[in-house]
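Undergrad: okay, predicted coordinates and the sequence, questions at the end:
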Amino acid sequence: MGLMTAGQYEESLRKLNLVVYQFGRRVENVVDDPIIRPSMSSVAKTYELAHLPEHEDIMTARSHISGKKINRFTHIHQSIDDLVKKSKMGRLLGRETGCCFQRCVGMDALNALSIVTYAMDGKHGTSYNERFLKYLEYVQENDLICNGAMTDPKGDRSLPPSKQPDPDAYLHVIRETKDGIVVRGAKAHQTGAVNSHEVIVMPTMTMRAEDKAYAVSFALPSDADGIVYIVGRQSCDTRKLEEGVLDQGNILFGGHEALVVFDDVFVPWERVFMHGEYDFTGLLVESFAAYHRQSYACKVGVGDVLIGAAQTAAEYNGVEKASHIRDKIVEMNHLNETLFCGCIACASEGNKMAGGTYLVDVLLANVHKHNVTRFPFEIARIAQDIAGGLMVTLPSEQDLRSPETSKWLEKYFKTRADIPTEERMRVLRLIENLTLGTAAVGYLTESLHGAGSPQAQRVMISRRINMLEKQKAAKKLCGIDIA
Ligand SMILES: Cc1cc2nc3c(=O)[nH]c(=O)nc-3n(C[C@H](O)[C@H](O)[C@H](O)COP(=O)(O)OP(=O)(O)OC[C@H]3O[C@@H](n4cnc5c(N)ncnc54)[C@H](O)[C@@H]3O)c2cc1C
Ligand code: SF4
């Protein structure tokens with residue numbers, strides 16, 4: 001098939017037989033569900049842009065297996081240029097959708113597995129890489145969305161998987177047959193899960209010998225027998241069920257996450273990419289995390305939208321020329337472009353791994369993600385400062401349309417004579433959406449916890465910093481002997 005169109009993607013989802021629950025009920029038609037559909041539209045953008053000549057260079061690549069043109073989201077990075085384009089693609093799509101477009105987690109899982117399956121085969125004489133490449137070819141050929149499933153529910157955080165009161169707190173192998181394995185457990189917070197054709201499971205942390213059953217990685221069709229999805233709530237999500245669209249803020253796009261339960265699910269051997277090789281779980285987690293921390297280029301694109309909205313709100317209020325407002329807009333841009341520097345830097349300083357896959361610079365990817373845990377919060381704070389209190393006290397779209405109240409809203413929420421009150425309301429709702437509503441899930445809390453909570457990056461930074469080199473530099477300059 002090669003490159004799917006957005007329309008073909010939507011149709012392909014309709015053919016899936018997913019078991020999805022939301023608000024305590026089974027969702028029979030996932031694609032047209034009003035809460036879920038905006039998130040499908042965001043993923044569809046990754047298909048749509050790949051067909052536009054002006055974005056072709058960023059959105060597509062040549063497969064290193066087939067030589068065919070493929071969507072970059074299914075590509076294994078073959079150069080520094082590929083890594084840099086991946087960062088630019090994230091910013092582009094963040095700006096286009098103003099939210100999470102969900103496709104990066106699968107791309108990062110594929111790239112991490114390409115490194116780790118090769119490394120495992122080198123040490124253990126297994127043939128995981130060959131299996132993985134066959135799977136990859138299938139994903140590329142059919143232009144599929146893969147849900148990257150790493151995070152287990154984890155139960156009591158002070159205990160390792162095998163010591164948990166409930167052994168299923170981490171996903172594990174419960175049985176092995178001649179045809180494959182049977183797994184049980186769950187993956188939490190799964191981005192874009194019900195918009196995906198495939199799910200790629202990876203261990204959530206470095207495992208020890210006693211946790212061997214938990215050292216498992218595999219891929220399955222998203223509608224495989226025994227997989228159940230329970231869609232997560234987002235703040236203000238039921239606004240999508242109301243009459244009118246204005247109060248949604250972002251009237252086109254959204255994201256979603258789900259708890260994905262694996263209720264004794266069979267995985268055939270050809271889809272198993274790690275089975276007991278606990279000594280490679282650390283490499284898999286570290287490579288995936290580094291790629292995914294780079295992927296937070298998306299926050300720069302969403303930041304572009306928020307900065308644009310803040311500038312518009314300032315103009316609508318007639319304060320855009322005030323020196324403190326101009327300075328705040330500069331600060332927002334400074335923070336946002338600093339994030340962009342980080343995701344470009346970790347890509348530009350990337351390295352070729354054994355097997356040929358390019359990996360971002362791990363230290364810089366962690367520094368970038370650590371900035372992501374902070375800067376969007378400050379950008380959001382400034383946006384709310386500029387927006388004014390009306391952003392959270394604004395009556396509803398229905399009040400704007402009602403003959404009883406419309407005249408009062410039009411009269412008292414009017415600012416500049418040339419700005420329709422409705423447009424002012426729209427931009428305030430967008431800022432609300434990005435900083436408190438459905439999109440704040442991706443722009444704020446996910447910036448904090450996604451791809452690992454802040455402490456995970458601090459651990460990696462302390463591990464990767466060459467302290468000896470710094471001490472040597474200092475000692476040399478002040479005349480202390482360097483042994
Ligand atoms: C919106 C969103 C989307 C996401 N999408 C995906 C996805 O698509 N795929 C995926 O696999 N994951 C996804 N994640 C999961 C993300 O990687 C996790 O949220 C993150 O790793 C933190 O895990 P947790 O949420 O279980 O937090 P917790 O583990 O509960 O952490 C809470 C706090 O406790 C601390 N803590 C935890 N364990 C310990 C410990 N042992 N010792 C000391 N301190 C500890 C943490 O540092 C943190 O400060 C997503 C998360 C969010 C919020
Ligand atoms: S939060 Fe960003 S990196 Fe993660 S899947 Fe969504 S768009 Fe991609």
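TA: Now that the structure is in, tell me what you want to look at. Ligands and ions are numbered 1, 2, ... in the order given.
Undergrad: which parts of the chain are strands?
TA: Using DSSP state E, the strands found in the chain span residues 19-22, 25-26, 60-62, 69-71, 146-149, 172-176, 180-191, 198-201, 216-221, 227-231, 257-268, 272-275, 351-352, 358-359.
Undergrad: dump those to CSV, plus mean neighbour count and distance to ligand 2.
TA: Heads up, the C-betas are built off the backbone N, CA and C, glycines and all. As requested, the strands of the chain are arranged in CSV below (neighbours: other C-beta atoms under 10 Å; distance: least, C-beta to the nearest ligand atom, whole Å):
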stretch, mean neighbour count, distance to ligand 2
strand 19-22, 18, 19
strand 25-26, 8, 26
strand 60-62, 20, 17
strand 69-71, 21, 14
strand 146-149, 28, 8
strand 172-176, 17, 25
strand 180-191, 21, 5
strand 198-201, 26, 13
strand 216-221, 25, 17
strand 227-231, 20, 16
strand 257-268, 20, 10
strand 272-275, 23, 21
strand 351-352, 12, 21
strand 358-359, 21, 17
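Undergrad: now the ones you listed in TSV, with mean pLDDT?
TA: Compiled in TSV, those are given as follows (pLDDT from 0 to 100):
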stretch	mean pLDDT
strand 19-22	98
strand 25-26	98
strand 60-62	98
strand 69-71	98
strand 146-149	98
strand 172-176	98
strand 180-191	98
strand 198-201	98
strand 216-221	98
strand 227-231	98
strand 257-268	98
strand 272-275	98
strand 351-352	98
strand 358-359	98
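Undergrad: so how far is ligand 2 from the residue nearest to A380 when sequence neighbours are not counted?
TA: On the basis of C-beta to C-beta, 6 or more residues apart in numbering, the spatially nearest residue to A380 that is not a chain neighbour turns out to be T435, at 4.2 Å. The gap separating T435 from ligand 2 is 16 Å, by C-beta to the nearest ligand atom, to the nearest Å.
Undergrad: residue contacts, T435?
TA: When contacts are counted by C-beta atoms under 8 Å, 6 or more residues apart in numbering, T435 touches 306, 380, 383-384, 443-444.
Undergrad: for the strands of the chain, which one sits closest to T117?
TA: Comparison of these against T117 by C-beta to C-beta identifies strand 272-275 as nearest, at 5.5 Å.
Undergrad: show me how far the closest one is from its chain's centre.
TA: For strand 272-275, the gap between its own C-alpha mean and the chain's C-alpha mean amounts to 24 Å (C-alpha atoms, centre = their mean, to the nearest Å).
Undergrad: likewise stretch 466-482?
TA: The chain centroid and the centroid of stretch 466-482 are separated by 40 Å, computed with C-alpha atoms, centre = their mean.
Undergrad: which members of the contacts of T435 are positioned in helices?
TA: Cross-referencing these against helices under DSSP state H gives 306, 380, 383-384.
Undergrad: show me the contacts for I145.
TA: By C-beta under 8 Å, 6+ apart, I145 lies in contact with 9, 43, 73, 102-103, 106, 192, 195-198.
Undergrad: okay, and which of those residues map to helices?
TA: In this view, the contacts of I145 that belong to helices under DSSP H are 9, 43, 106.
Undergrad: ok, the residues you listed vs ligand 1, which is closest?
TA: Closest to ligand 1 out of these is G106 (8.7 Å), distances taken as C-beta to the nearest ligand atom.
Undergrad: the closest one: how many residues sit nearby?
TA: Other residues lying near G106 total 26 when counted by other C-beta atoms under 10 Å.
Undergrad: dump the residue contacts of the nearest residue to it once chain neighbours are set aside.
TA: What sits nearest to G106 in space, not counting adjacent residues and going by C-beta to C-beta, 6+ apart, is C146, at 2.9 Å. C146 sits next to 105-107, 109-110, 139, 196-200, 219 when contact means C-beta under 8 Å, 6+ apart.
Undergrad: how much space separates the residue nearest to V231 when sequence neighbours are not counted from D237?
TA: The spatially closest residue to V231, leaving aside those adjacent along the chain, is Q22, at 4.3 Å (C-beta to C-beta, 6+ apart). If you measure Q22 against D237 using C-beta to C-beta, to the nearest Å, the figure is 9 Å.
Undergrad: enumerate the residues of the stretch 201-350 of the chain near ligand 1.
TA: E257 (C-beta under 6 Å from any ligand atom).
Undergrad: who does the residue in the stretch 201-350 of the chain positioned nearest to ligand 1 bridge with?
TA: Among all residues of the stretch 201-350 of the chain, E257 sits closest to ligand 1, at 4.9 Å; criterion: C-beta to the nearest ligand atom. On the basis of DSSP bridges, E257 is bridged to T191.
Undergrad: how about T5, what does it touch?
TA: For T5, the contacting residues are 47-48, 51, taking C-beta under 8 Å, 6+ apart as the criterion.
Undergrad: related to what we said a few turns ago, from the contacts of C146, which single one is nearest S66?
TA: Distances from S66 to the contacts of C146, taken as C-beta to C-beta, are shortest for V139 (11.5 Å).
Undergrad: surely the closest one meets E198?
TA: Yes - taking C-beta atoms under 8 Å as the definition, V139 is a contact partner of E198 at 6.8 Å.
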